[in-house]
Structures are given as C-alpha cells and as structure tokens.
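Chemist: Here is my input, please return the structure:
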Amino acid sequence: MKRNRHRIAVLLLNIFIGTLTACAQPPQAKNLTNQQFLAETKAAAKTTVLLNNQYNLVPLKNLEQIKVASIHFNYSYSAAFDSILTKYTAIKLINGNTYGNKIAALGEDLKLYNTLVFQLTEADVNNSQLMAFITSTQKIKNVVIAFYGPGRALTMLNDVMAPIIWCETVSAVTAQYVPQIIFGGVAATQKLANSFSSKYTSGEGFETTKIRLGYSLPEDVGINSLNLLGIDQIAQEAIRNHATPGCVVLVAKDGKVIFNKAYGNHTYDTSQLPDKVTDIFDMASVTKVSATTPAVMQLVEQGKLNLDSTMGSYLPEARHTNKNDIHLRELMLHQAGLVPYIPFYETLKPDDHSSDSSAAYPTKVADGYYVRKDFYKNVMLPRMLNTALRTRGQYVYSDLSMYFTKEIVETVTAQPLNEYAQQHFYNPLGMQTAGFLPRNRFTRDQIIPTEEDTYFRHTLLIGYVHDQGAALVGGVSGHAGYFCSANDEAILFQMLLNKGTYGGVQYMKPETVDQFTSRQSNVSRRGLGFDGWGPIADSHYPSYNANPGTYGHTGYTGTCVWVDPKDNLIYIFLSNRVYPKVTDKLSSLNIRPRIMDTIYEAIAKGL
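Modeler: Numbering: from 1, shown residues only. Got it, this is the predicted structure:
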C-alpha cells in the first residue's frame, strides 16, 4: 500500500508540475494521496471567491492581444501557481523580492506588459508601498490579484478596483486551483459567506464559466490513477526496445488534462536531455489536421471555399492538366486518384542546392543546406501537376492532396498557411509552441531531434521538418512541417471537441466540426482531412476499445492525436521514433493503440 501511495504521489507531481525526471513537487503536496489532493481542491472550489469582476476581466480573454506578467513576493507556492498559469499563454515570471524598496524599477520592467497577475499574501497586502503601486498601476493596466490569506486582510484591498480571487487556504493545492479561475479552466461559483468590510460584504462574489482546459487528477473524472500505471509500462517498453528514445503522453477527459507525462530522453544517450512535457515535436502528418484542415474548415464556413469546386477554379496552373476537375472534397478524402508521394530529394542536381544562403539559394532546408530560388514553383509543383492519375473515387492516402490543398488555401487567403494558422488559431488559442519553422522561435534544446539524415541533408535534424518534400518547400507544407507540444495540441483539439468553441471564442460552427470529423466516404474510414475510427474486428483502429466517431490523425515521426466525443476524451502521444534512423517498432509493438486501450480500460473500471 505504501508503494502504491508513493506511485500515486509521483503521478500527481507529473500531472501538475513536470516530468518523470523533474523534481519540483510543492512541499505540502509530497505526502498527499490523490484522494486527499482532490478533496482539498473541492474544498477550495467551495470557498474561493471572485471579487471586483464587474467588467468581466476574469477569465482572461483575447490571448493574442494581451502580454501577461506574473509577480510574486512572499507567496511560498509561486512555482506551483506559475506552473499552471503558463499552460494557458506565455507568461513573464517576476520575483518581486529582487526589487527590495525600489518598486519603481518593477514598474519599469512591467511597462511592456498590459496584464499583471499579482500573487499576494497577508504580509504583502500590509505593505503600503506595494499596495500603492498596485492601486496606481490598475488605472493604466489590467490587473488581477490572487490573494491567499485570512478574510480580515481583505480590508487592506478596499482601494483595489481590479478583480481579486480570494482563497483563504494557503497550500500547494490551492496554488494550482486559483490560476485556473484566472483563465477559465474552472469556474468561479462562490459568494462571500461573511462581511469583512463595507466593500466586501456577505453575498458578494462574481460567477464565471469554464471556457478552457482545466488541470486535475484522474479521480476527478471517475478514473483510478492506479489503472493508468500501465501507460508507464508500455512507454518504458517502447524505450527499452528502441522503438523511440522518449515520448510524451497526454490524456484529457471532460475538459480536464488528467495525465501529462514525459518518458525517456531526446536521444538514446541517457546522459543527455530528458524528455519534458513542454518539449516540441515534429508532428509530421498531424499537420494535416492541425493546420491545413482547420483552415479549410474555417474558409468553407465563410463561403470562401467550396468543397465541390475544382482545383482549376482556384489554381490557374492546374487548369491545363489532368488535375483541373479534381474537387477539393476529393483531396480532403484522399480519393482524387493521386500518387501517394513523390521522392523529390532523389532527383536533386548539384546546382539545385548550396551550403550557403544567397539570392540564388534562399530556401533553407537544414543547417548548411539551401535550395535554389523557386525550386518548388519550377520543379516540384509542375511535377505534381503532371503526374498520372489513378482511379478516382478509390481511397489512396496521398501527401500530394495536402500540397494542393495548401496551394488552394493560400490562393484564397492571400496569406502563407503558416501565418494564417498562427493568426487564426494558435495565437488566439494560447498555443505557445504550435506552428511551423520552430528554429526561428525556440532553442535547439526545446525541440526533439528526429533523424540523423545521412542520405539527403547529411545532418541531425533538430527543428527542421523531417519530411523531405516539406523540407524542400522551406519547412511549410500542407502535409508536414507543423511542430507542437502535447499541451498545446490538446488545446487545439479541445476546441474541436467543444464543437468549435474555446476561450469564449467561436472558431467554427458545430455543424462544420461534425461534417469534417465524421465519416464522409463509402470507401474509407476517413472524414474530411481527419482520419477516423475503423471497424476492423481485430484492431478497431486507432484502438481496439475506441468508439465509433473517434477522429484524429497519426504522424510518421511517431505522433498521434485522437478525439473520442462519446467518452469526451483526447489522447495525444508524441515521440521521435525516426531517431536515429526510421524504425517500425513503434507500430509492430502497437505502442500507441495499447496506451489508448489502457485509457479506455481505466475509464471502464472507474474508481
């Protein structure tokens, strides 16, 4: 029993704070069982009160427009608080104690942030200099106060007009609860039970609704954490058998992330970087449903694209080819008769690439590898347009379909796909790692390496798309090139599971989500862009226990994301199974479906 309690405590740590290899457990959470942690969380939900929210600042919205800083002073659980806060958007973390009495210097460092979250204790609210700074700052910036302490200390906040989230209990548990109110991961529901001043009287308090992912424990959604320990065993089996050096698994149910854990290392050298839940992975073909398909969904809904219009109606270069009358719907279903792929890199000539960038060789493929100007326009696109067609109407999975779909999207929007997806989805959703060309935004150690390429680019690929064709396009394609962390991918697919709504914003209508994610073909299991549940008796792809209506996609690099609307479930598995060379062991060992089966079995067993 003691061993089981210890394993539960470790699981608890991994869900909220870090990874298997990190040790950042909040002091008072070390010896709590999941049941105790959950009981304290529920107690916090019944006593935490939101005040001064008459302008509905909380939960924070318009994430693409706000720049948030989180400031703490005497609050001892700031690390736990910030670990949750940073799951929602980029946050500047500031230790106010480093400023001493030079509070003006704090103001200087905060000038480029328009939204400030102050973590305050009773000692802090009794600091007249700090309170003067806050009451002055609230006039020119959005301020949110998370106050932990006795109700009597609320009298020191009478001059504060900004929203206050008051929680009397000071603990590692409440440190992880209050930030979720700020961003709408949980709802504020309570009123003051007592009066503390003429301003903060009995019955005062504002209610909010849940608008984003929450972060909780399996027990919170009726799952016994012990029944998820099989995930550990399967993940370790994958690493032990060199199916992948490491992986990250995320499970969200009922709008709450209940499991998010990292295993192994970036490479098989265990002295090097351990995998972290915040690591960024090459998502490979998951790009199709994380960038290209959402763009098509939005444009179809806006009337800017028609699924039954032809390639020729959108792309002039297709009009005098055998691709002219292919419908967008056929591309999205992989029923256009296209060849599966073209190995463009195999036909590269010496003068097609250079080790240095220049006006003649502007397209970066990897470190020290540049392709000549207009190589895609002059070589790749014409070759795709002039390939022979197979039988239309039959299902043949083809990367060419999403090359062409990207061309259509960019023609209609007059904007590169990566910019469109960033502006219309990733930034407003608060997805901090999602997007293309990650080396332009992140350091190498934040990105999981893929293949040791000895046949094309002759380098270890870190942050450059593994897919050779997408690389030759410059890293942005409709079928590959998208990178992301597990938590950010969960945000995008929670929006889809919510029927197009997240964070108080409707990105697309429910009927649009239903149309694209449901089976649309008589000859395959696929929806429009999305892969789907397959009624094969010996597998029930993507998992033996998956329900009809499950949708998502897999990626060649060893990734997958699946949504099961019936069980209100999101399952994400990220790995780099192509390191150092491509291996099929991840598939032959059935790692991804077995983990998904374990999740379903845990749901069925309940508490």
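Chemist: How about the secondary structure of Pro94?
Modeler: To be clear, residue 94 is Ile; Pro isn't right here. When states are read from DSSP: H, G, I helix; E, B strand; the rest coil, the local structure at Ile94 comes out as strand.
Chemist: Per-residue pLDDT of it, please?
Modeler: Ile94 is assigned a predicted lDDT (pLDDT) of 98.
Chemist: Now do the same contact list for it.
Modeler: Contact partners of Ile94, counting by Cβ atoms under 8 Å, 6 or more residues apart in numbering, are 69-72, 106, 109-110. No exception for glycine: its C-beta is placed from N, CA and C like everyone else's.
Chemist: In a markdown table: those residues, plus pLDDT.
Modeler: Compiled in a markdown table, these are given as follows (pLDDT from 0 to 100):
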| residue | pLDDT |
| --- | --- |
| Ala69 | 98 |
| Ser70 | 98 |
| Ile71 | 98 |
| His72 | 98 |
| Leu106 | 96 |
| Asp109 | 96 |
| Leu110 | 97 |
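Chemist: Show me which of these are buried.
Modeler: 69-72, 106, 110 (16 or more other Cβ atoms under 10 Å).
Chemist: At the geometric centre of this protein, which residue do we find?
Modeler: Nearest to the mean C-alpha position of the chain, by Cα atoms, centre = their mean, lies Asp488 at 1.1 Å.
Chemist: For that one, which non-adjacent residue is spatially closest?
Modeler: Counting by Cβ to Cβ, 6 or more residues apart in numbering, Met431 is the residue found nearest to Asp488 once chain neighbours are left out, at 4.0 Å.
Chemist: any idea whether the one you found is helix, strand or coil?
Modeler: The local conformation at Met431, judged by three-state DSSP, is coil.
Chemist: Is it in contact with Phe425, as I believe?
Modeler: Yes. The pair Met431 and Phe425 passes the contact test of Cβ atoms under 8 Å, sitting 7.4 Å apart.
Chemist: The residue nearest to the centre of the chain against Pro438, yeah?
Modeler: No. With contacts counted by Cβ under 8 Å, Asp488 stays clear of Pro438, the gap being 11.7 Å.
Chemist: on that earlier part again, in strands only, show me the contacts of Ile94.
Modeler: Counted as lying in strands by DSSP state E, out of those, are 69-72.
Chemist: Going along the chain, name the strands of the stretch 451-600 of the chain.
Modeler: The residue ranges that make up the strands of the stretch 451-600 of the chain, judged by DSSP state E, counting those that start in this stretch, are 452-453, 459-460, 482-484, 501-502, 505-506, 531-532, 551-555, 559-564, 569-575.
Chemist: do the stretch 301-450 of the chain as well
Modeler: Along the stretch 301-450 of the chain, counting by DSSP E, counting those that start in this stretch, strands occupy 353-354, 363-366, 369-371, 435-436.
Chemist: Each with direction, which strands does the third one pair with?
Modeler: Spelled out, that is strand 369-371. strand 353-354 (antiparallel), strand 363-366 (antiparallel) (DSSP bridges).
Chemist: So which of those is the most surrounded?
Modeler: Per-stretch averages of neighbours, counted by mean count of other Cβ atoms under 10 Å, single out strand 363-366 among these, with a mean of 21.
Chemist: Need the contact partners of that strand.
Modeler: Counting contacts by Cβ under 8 Å, 6+ apart, the residues touching strand 363-366 from outside are 353, 357, 370-373, 375-376, 453, 457, 459, 461, 464, 471-475.
Chemist: Just the buried residues of those.
Modeler: Those of the contacts of strand 363-366 that meet the buried threshold are 353, 370-372, 375-376, 453, 457, 459, 461, 464, 471-475, by 16+ other Cβ under 10 Å.
Chemist: from these, which is closest to Asp254?
Modeler: Gly475 (36.4 Å; Cβ to Cβ).
Chemist: Give me the pLDDT value at that closest one.
Modeler: For Gly475, the model assigns a pLDDT of 98.
Chemist: likewise Ile536?
Modeler: Model confidence at Ile536, given as pLDDT, is 81.
Chemist: What distance do you get for it to Ser587?
Modeler: Taking Cβ to Cβ, to the nearest Å as the measure, Ile536 falls 15 Å from Ser587.
Chemist: With neighbour numbers in mind, choose between the two.
Modeler: When neighbours are counted by other Cβ atoms under 10 Å, Ser587 comes out ahead of the other of Ile536 and Ser587, with 14 against 10.
Chemist: From Thr554, how far out is the more buried one?
Modeler: Looking at Ser587 against Thr554, where the rule is Cβ to Cβ, the gap reads 9 Å.
Chemist: my hunch is that Asn260 is in a helix, does that hold up?
Modeler: No. Secondary structure of Asn260, determined by three-state DSSP: strand, with no helix assignment.
Chemist: The closest residue to it other than its chain neighbours: what secondary structure?
Modeler: Counting by Cβ to Cβ, 6+ apart, Leu250 is the residue found nearest to Asn260 once chain neighbours are left out, at 4.6 Å. Counting by three-state DSSP, the backbone at Leu250 sits in strand.
Chemist: is it true that Leu250 touches Ile572?
Modeler: Yes. Counting by Cβ under 8 Å, Ile572 is a contact partner of Leu250 at 4.2 Å.
Chemist: For the residue lying closest to Gln515 once chain neighbours are set aside, give me the pLDDT.
Modeler: Computed as Cβ to Cβ, 6+ apart, the closest residue to Gln515 that is not its neighbour in sequence is Leu528, at 6.8 Å. Listed pLDDT for Leu528 reads 98.
Chemist: What residues does Leu528 make contact with?
Modeler: Taking Cβ under 8 Å, 6+ apart as the contact definition, Leu528 lies against 293, 296, 307, 329, 332-333, 515-516, 520.
Chemist: What ranges in this protein fall below the confidence cut-off?
Modeler: Along the chain, the parts satisfying pLDDT under 70 run over 1-31.
Chemist: can I see the domain layout of it?
Modeler: 33-212, 213-274+485-607, 280-306+316-481 (automatic domain parsing).
Chemist: how about the helices of the stretch 251-400 of the chain, start to end?
Modeler: Assigned helices in the stretch 251-400 of the chain, in chain order: 287, 293-301, 311-314, 328-333, 375, 381-385, 400-413 (criterion: DSSP state H, counting those that start in this stretch).
Chemist: Deepest-packed of the ones you listed, please.
Modeler: Each of those was given a mean neighbour count from mean count of other Cβ under 10 Å, and the largest, a mean of 31, is that of helix 287.
Chemist: got the contact list for stretch 496-512?
Modeler: Outside of stretch 496-512, the residues within contact range by Cβ under 8 Å, 6+ apart are 59, 61, 63, 184, 211-212, 255, 294, 297-298, 300-301, 424-425, 428-430, 491, 494-495, 513-514, 517, 563, 565, 568, 570.
Chemist: on that earlier part again, ramachandran coordinates for the residue nearest to Gln515?
Modeler: Torsion angles at Leu528 (phi, psi; degrees, to the nearest 10) stand at phi -90, psi 100.
Chemist: separation between it and Trp562?
Modeler: Leu528 sits 17 Å away from Trp562 when distances are taken as Cβ to Cβ.
Chemist: How about stretch 528-539, which residues are buried there?
Modeler: 528-534.
Chemist: Which member of those is positioned nearest Ser78?
Modeler: Within the buried residues of stretch 528-539, the smallest distance to Ser78 is 40.7 Å, found for Phe530 (Cβ to Cβ).
Chemist: what bridges to the closest residue to the closest one other than its chain neighbours?
Modeler: Ranked by Cβ to Cβ, 6+ apart and with sequence neighbours excluded, the top spatial neighbour of Phe530 is Tyr551, at 4.5 Å. Counting by DSSP bridges, Tyr551 is bridged to Gly532, Val563.
Chemist: just to revisit the earlier point, which neighbours do Met431 and Phe425 have in common?
Modeler: Residues touching both Met431 and Phe425 (Cβ under 8 Å, 6+ apart): Leu492.
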